[in-house]
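**Student:** structure of the sequence below:
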Amino acid sequence: MKAPSGGAAAVAGTLTDAEAVRGRSLLQDSLRRFFRNPTGMVGLAVTLFFIVMSLLAPVLRPYDATTDRNLRLRLSPPSWTMTPEERTELSEDADIDVGRWTLPFGTDENGRDLLVRVWHGGRISLRIGIIAVAISSTIGVLLGLLSGYMRGWIDLITVWLMDILQAFPGILLAIAIVATLGPSLTNALIAISITQIPSYVRITRSVVLGLRESEYVQAAKALGGRGPRVVFNHIFPNSLSPIMVQLTLSIGTVILEVAALGFLGLGAQPPDPEWGVMIRDGYRQFLRAPWMSIFPGLAIFLSVVGFNLLGDAIRDVLDPRLKNVS
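**Tutor:** All right, here's what the predicted structure looks like:
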């Protein structure tokens, strides 16, 4: 039997690869491409680190700002070792296990361990980020679907409202809203959620405008499908890719805005261990104790970079123009 020539073997190999790709679902193919993306793996590792550490914070190291302080150790510099004097002072506090206690991030002006505060501050930033993105994305996607599919005066009013909101820089609009409602973490959450809505409305609307005239949508209408059924069964599933990318990128933006409002005194209030509040407290002592601002700033930087890298990787994976058979 004659062996296949080189060209025939190449064609057979190509067919085998194509059959393998057809045998995988869209989700399997996307996950396969994601885990081959080095940017996505770095972003996933960083975000998972912050999420896991935030979830484990109350279990591994409970924190109470009113009791977890030692004025005798105020403004102690970062150190992985402790002097005998420091161990003697800490041993008088029954809540501290001296044998395992170190101060790798130093302490603040009230003698509170900055590592513990940064650790618990991640819970506040990530919680606000996830809740704000959930609220803004839900409202924005629904408005975008309604506006893009219905058109007419609904679309006109929605676009006008979004143009008004986007006429102001997001952080300035958030400051104005919090200044009106009063400084608090809840009001900061409301303000940030409002500033994020226009992004989801515009992304969803643009996708819906392109899909509403597609052949499968017209076929669904011809078969008797009504508006809500067509929108949520045919249009919405095919518009998830850009929305998922925006979801991931928005968390990093929200973390920055929460920190900015906290720094200005409009977000979380002392003694809550929020990263922006910690940077503001350290700003007053920066020449004497720069670590009070450096470590919370690094936490903000790493968490935002992690979510941005993750969002970029998801965009690359879901972009059909970047797909190739491997």
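
**Student:** quick one, helices of the stretch 201-326 of the chain?
**Tutor:** Counting by DSSP state H, counting those that start in this stretch, the stretch 201-326 of the chain has helices at residues 215-222, 227-230, 240-263, 275-283, 291-318.

**Student:** want to try a markdown table for these, with mean pLDDT and mean neighbour count as columns?
**Tutor:** Bear in mind the C-beta positions are built from the backbone N, C-alpha and C, glycine included. Output for the helices of the stretch 201-326 of the chain, formatted as a markdown table (pLDDT from 0 to 100; neighbours: other Cβ atoms under 10 Å):
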| stretch | mean pLDDT | mean neighbour count |
| --- | --- | --- |
| helix 215-222 | 76 | 13 |
| helix 227-230 | 78 | 13 |
| helix 240-263 | 91 | 22 |
| helix 275-283 | 91 | 23 |
| helix 291-318 | 91 | 20 |
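
**Student:** looking at those, spot the one closest to residue 181.
**Tutor:** Relative to residue 181, the nearest member of those by Cβ to Cβ is helix 240-263, separated by 11.7 Å.

**Student:** so which residue is dead centre in this protein?
**Tutor:** Geometric centre of the chain, nearest residue: residue 251, 2.4 Å, by Cα atoms, centre = their mean.

**Student:** just give me the longest helix of the protein.
**Tutor:** In the chain, assigned by DSSP state H, the helix with the most residues is helix 114-150.

**Student:** which strands and helices sit next to that one?
**Tutor:** Applying 3 or more Cβ pairs under 8 Å, 6 or more residues apart in numbering; DSSP states H and E, one finds that helix 114-150 makes contact with helix 38-60, helix 152-166, helix 185-211, helix 227-230, helix 240-263, helix 275-283, helix 291-318.

**Student:** quick one: the first one to helix 240-263, angle?
**Tutor:** For helix 38-60 and helix 240-263, the angle between their directions (axes from the mean of the first three to the mean of the last three Cα atoms, to 10 degrees) works out to 50 degrees.

**Student:** what's the angle from helix 38-60 to helix 114-150?
**Tutor:** 120 degrees.

**Student:** quick one: low-confidence ranges for the stretch 51-200 of the chain?
**Tutor:** Within the stretch 51-200 of the chain, the ranges that satisfy pLDDT under 70 run 81-101.

**Student:** domain assignment for the chain?
**Tutor:** Per automatic domain parsing, the domain ranges recorded for the chain read 38-61+120-322, 69-111.

**Student:** as JSON lines, those domains with distance to residue 29 would be great.
**Tutor:** Converted to JSON lines, the domains of the chain look like this (distance: least, Cβ to Cβ, whole Å):
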{"stretch": "domain 38-61+120-322", "distance to residue 29": "9"}
{"stretch": "domain 69-111", "distance to residue 29": "43"}
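
**Student:** so which of those domains is the most packed in?
**Tutor:** Most buried of those, by mean neighbour count (mean count of other Cβ atoms under 10 Å): domain 38-61+120-322, with a mean of 18.

**Student:** can you give me how far it is from the chain middle?
**Tutor:** On the basis of Cα atoms, centre = their mean, to the nearest Å, domain 38-61+120-322 is displaced by 7 Å from the centre of the chain it belongs to.

**Student:** turn the helices of the stretch 201-326 of the chain into CSV, columns for distance to residue 61.
**Tutor:** Output for those, formatted as CSV (distance: least, Cβ to Cβ, whole Å):
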stretch, distance to residue 61
helix 215-222, 53
helix 227-230, 48
helix 240-263, 22
helix 275-283, 16
helix 291-318, 16
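
**Student:** I'd like to know which of these lies nearest to residue 72.
**Tutor:** Residue 72 sits nearest to helix 291-318 of all these, at 17.4 Å, using Cβ to Cβ.

**Student:** show me what that closest one packs onto, helices and strands only.
**Tutor:** Packed next to helix 291-318, using 3+ Cβ pairs under 8 Å, 6+ apart, are helix 26-35, helix 38-60, helix 114-150, helix 240-263, helix 275-283.

**Student:** tell me which of these sits nearest to residue 170.
**Tutor:** Proximity to residue 170 (Cβ to Cβ) singles out helix 240-263 among those, at 6.8 Å.
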